[in-house]
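Asks: Sequence isn't available, so here's the structure alone:
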């Protein structure tokens, strides 16, 4: 059934080029979100969101990339159907979960929880990245869905941890100031 979904995605030169660009912008290991975090860290108003994005990114790396991918070890669609014409090099890593999707939705969630308007833009980018992974025949829909769920959960957790850090820092500043 998952192959049926992937095969049903329309393939045109324009769509292929667009989704290839989306995946490349995201980076091999979701580096786009590290850049977003770095930009957020520069400004005091967005610094808390930047820390949350970095925490979510690191958690996805540990739990998704090094944990679940190795534990589940599910082959990618492109590793199972070798006749499908790929636009990228055939990855050797496992498919489940889609860590591109997890990084994107983790970062989008972290941003959204601090800055709603920017977060909506981040969610749109995240959705495009997640869909690109299926369009390029690199992930099954359940890989992407698992990545989305993992990313949102880790984005919420990262935001909670960041909130606790900020609260502790504020309490220490107030204690020193009195």
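Replies: It's in. Remember, it's a predicted structure, so these values are computed and weren't measured experimentally. Residues are numbered from 1 along each chain as shown.
Asks: by contact count, what packs against the helix or strand bottoming out on mean pLDDT in the chain?
Replies: The weakest-scoring helix or strand in the chain, judged by mean pLDDT, DSSP states H and E, is helix 2-8 (a mean of 88). With contacts taken as 3 or more C-beta pairs under 8 Å, 6 or more residues apart in numbering; DSSP states H and E, helix 2-8 sits against helix 77-80, helix 141-177. No exception for glycine: its C-beta is placed from N, CA and C like everyone else's.
Asks: Mind putting those helices into CSV with distance to residue 69 and mean pLDDT?
Replies: Shown next, in CSV, are the helices and strands packed on helix 2-8 (distance: least, C-beta to C-beta, whole Å; pLDDT from 0 to 100):
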stretch, distance to residue 69, mean pLDDT
helix 77-80, 13, 92
helix 141-177, 10, 91
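Asks: Tabulate these (a markdown table), appending distance to residue 33 and mean neighbour count.
Replies: Putting these into a markdown table (distance: least, C-beta to C-beta, whole Å; neighbours: other C-beta atoms under 10 Å) gives the following:
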| stretch | distance to residue 33 | mean neighbour count |
| --- | --- | --- |
| helix 77-80 | 24 | 18 |
| helix 141-177 | 10 | 17 |
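Asks: quick one: which of the ones you listed is nearest residue 59?
Replies: Evaluated over those, closeness to residue 59 peaks at helix 141-177, with 4.3 Å, by C-beta to C-beta.
Asks: Which elements pack onto that closest one?
Replies: helix 2-8, helix 47-59, helix 99-114, helix 116-135.
Asks: pLDDT (mean, whole number) over the longest one?
Replies: The pLDDT scores in helix 116-135 average 95.
Asks: So for it, what gets flagged as buried?
Replies: The neighbour-count check on helix 116-135 (16 or more other C-beta atoms under 10 Å) flags 118-119, 122-123, 125-126, 128-135 as buried.
Asks: What is the nearest of those to residue 112?
Replies: residue 119 (2.5 Å).
Asks: can you give me the offset of stretch 2-21 from its chain's centre?
Replies: How far stretch 2-21 lies from its chain's middle: 20 Å, per C-alpha atoms, centre = their mean, to the nearest Å.
Asks: How about stretch 16-27?
Replies: For stretch 16-27, the distance to the chain centre is 14 Å (C-alpha atoms, centre = their mean).
Asks: Show residues contacting it.
Replies: Applying C-beta atoms under 8 Å, 6 or more residues apart in numbering, the contact partners of stretch 16-27 are 32, 87-88, 100, 103-104, 128-129, 131-133, 135-136, 138.
Asks: Ok, stretch 71-81 next?
Replies: For stretch 71-81, contacts defined as C-beta under 8 Å, 6+ apart pick out 2-3, 6, 84, 86, 90-91, 93-97, 137-140, 143.
Asks: Just give me how far that stretch sits from the chain centre.
Replies: 19 Å.
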